[in-house]
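Peer 1: I would like to see how this sequence folds:
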Amino acid sequence: MHVATVAFPLIVALVAMALAFDFLNGLHDAANSIATVVSTRLLTPAQAVLFAAFFNFAAYWTFGLKVAETVGKGIVDKDVVTPQVIFGALVGAMTWNVITWIKGIPSSSSHALIGGLLGAGTAHAGPKAIVWAGVSKTTSAIVLSPVVGLAISMMLMLLTSWLFMKATARAAEGIFKKLHLISSAAYSLGHGANDAQKTMGIIAVLLYSQGLLGAKFHVPGWVVISCYVAMGLGTMSGGWKIIETMGSRITKLSHHQGFCASAGGSIMLFAASAFGIPVSTTHTITGCVLGVGAAKRASAVRWSVAHRVVVAWLITIPASAGVGALFYWLATLAS
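Peer 2: I've put the predicted structure just below:
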C-alpha cells in the first residue's frame, strides 16, 4: 500500500489542474460533437454546445469506466507515478491543446494527454515505466479510428442513398434532419464516455500513488462526477475556430452527410469505450467527415486542410511527450 509523501494542498492543486485540462478538453473538442449540426444550421452554435454538454454528461449513466482504467494503469506503470509525473503530463497536454486551439487545428486532446504522460513517466523511471500493451492498443487506434470511421461513414452514405433513392428531396431532407440530431446526440454521448474518462484515470492514479485509494486501484465516484461536469462546462464554452475547420473547411455537409458522419463516429466510439480503448474523438470524426465528403465525390474534400490535420496528429504524441518530460524535470528541480 502506498503512503502519502507530499502535502495535501499539492494533491488538491494537481486535481484542480486535471479538471482544468478536462475543461480545456471540452472546449477544444466541442467541435467533434457539434460541427456537423452547426455547419448544416440544424442548431445554432449556442443550442449545439448546450446539447453536446448535456449528452457528454449523460455518459455517466450509460458507460462503465474501462477507458479510465486503461489511462490510469495501462499507459504508464501506476506504481511509478509521482505528483511530478502527473504535473508534467498535464502541462504537456495542456500546452499542446492551447497551441492547436489558437491555430484552429483539430488535434487530439486524448493523445496529447497520453503523450504528456509517456514523456513525464519515461523521464521519471525510464522505458521500464511504459506499459507497452496499453500503449500499442492506443497508438494502433490513431491509425484505425479515422480509417474505420471513414469506411463506416462512406458505407452509410451509400446504403442510405440507395434506401432513399425513390424519396422526394423534401421528404428525405426532413427525415435526415431528425436522424442527424439523434446521431449527433449519440456522438456526444460517446465523446463523454471516452474523453472525460481519460482525466478520471489521471486523477485516480495520482490519488493511488499517494495512498489515498487504499491498496486497490479504482476510480472514486466524486472523480467521475467532477470530470463530467468539467468537460460539460468546457463544451458549453465552445471552440469556434475548430468548429469552422471541422464543419465547413474540410467539406461542405448536408443533413444526410452530417447524419452519416455522426453515426459512423458513434459506432466507433461506442465500440472503443466498450473495450476500454482511449481513442481520439477528433481523429474519429475527421475520418468520418472525410468519408462522407469522398462518398459524394473526391473533389468535395479539401485535401490540403485534411493534410494539415493529419500532420498535427502525427506530431501530437511526441510534441506533448517532450513538453511533459521538460516540465517533469522542472518540477523535480523545484521540489
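
Peer 1: which stretches of this structure have low pLDDT?
Peer 2: By pLDDT under 70, the low-scoring segments of the chain are 1-7, 28-33, 35, 104-107, 238-252, 297-309.

Peer 1: pull the longest helix from it.
Peer 2: helix 169-209 (DSSP state H).

Peer 1: give me the next element, helix or strand, following that helix.
Peer 2: helix 221-237 (DSSP states H and E).

Peer 1: what residues sit buried inside that next one?
Peer 2: Buried positions in helix 221-237, judged by neighbour count with 16 or more other C-beta atoms under 10 Å: 223-224, 226-236. All C-beta spots, glycine's among them, are computed from the backbone N, C-alpha and C.

Peer 1: residue 318: neighbour count?
Peer 2: Each residue near residue 318 was counted by other C-beta atoms under 10 Å, and the total is 12.

Peer 1: same check on the one 4 residues further on?
Peer 2: Number of residues near residue 322 (other C-beta under 10 Å) recorded here: 18.

Peer 1: shouldn't it be in contact with residue 120?
Peer 2: No: applying C-beta atoms under 8 Å, one finds residue 322 not in contact with residue 120, separated by 10.4 Å.

Peer 1: common neighbours of those two, please.
Peer 2: residue 92 (C-beta atoms under 8 Å, 6 or more residues apart in numbering).

Peer 1: residue contacts, residue 60?
Peer 2: Counting by C-beta under 8 Å, 6+ apart, residue 60 has contacts 192, 224-225, 228.

Peer 1: next up, phi/psi of the residue of the chain positioned farthest from its centre, please.
Peer 2: Farthest-out residue of the chain from its mean C-alpha position, per C-alpha atoms, centre = their mean: residue 166, at 38.4 Å. When quoted as degrees, to the nearest 10, the phi and psi of residue 166 stand at phi -90, psi 0.

Peer 1: do the same with residue 41
Peer 2: phi 60, psi 30.

Peer 1: give me the number of residues near it?
Peer 2: Count around residue 41 with other C-beta under 10 Å applied: 8.

Peer 1: quickly note the distance from it to residue 185.
Peer 2: 17 Å (C-beta to C-beta, to the nearest Å).

Peer 1: which residue is the nearest non-sequential neighbour of residue 81?
Peer 2: Distance criterion C-beta to C-beta, 6 or more residues apart in numbering; nearest residue to residue 81, sequence neighbours excluded, is residue 209 at 4.4 Å.

Peer 1: how far away is that neighbour from residue 96?
Peer 2: Counting by C-beta to C-beta, the gap from residue 209 to residue 96 is 24 Å.

Peer 1: what does residue 127 give?
Peer 2: 22 Å.

Peer 1: please say which of those two ends up with more neighbours.
Peer 2: More neighbours surround residue 96 than the other of residue 127 and residue 96, with 29 against 9 (other C-beta under 10 Å).

Peer 1: how about the helices in the stretch 201-335 of the chain?
Peer 2: 221-237, 240-244, 255-274, 281-296, 303-334 (DSSP state H, counting those that start in this stretch).

Peer 1: buried residues, the longest one. List them.
Peer 2: What that stands for is helix 303-334. Using 16+ other C-beta under 10 Å as the burial criterion, the residues of helix 303-334 that qualify are 305-306, 308-309, 312-313, 316-317, 319-328, 331-332.

Peer 1: my guess is residue 27 meets residue 101, correct?
Peer 2: Yes: checked against C-beta under 8 Å, the pair residue 27 and residue 101 is within contact range at 7.2 Å.
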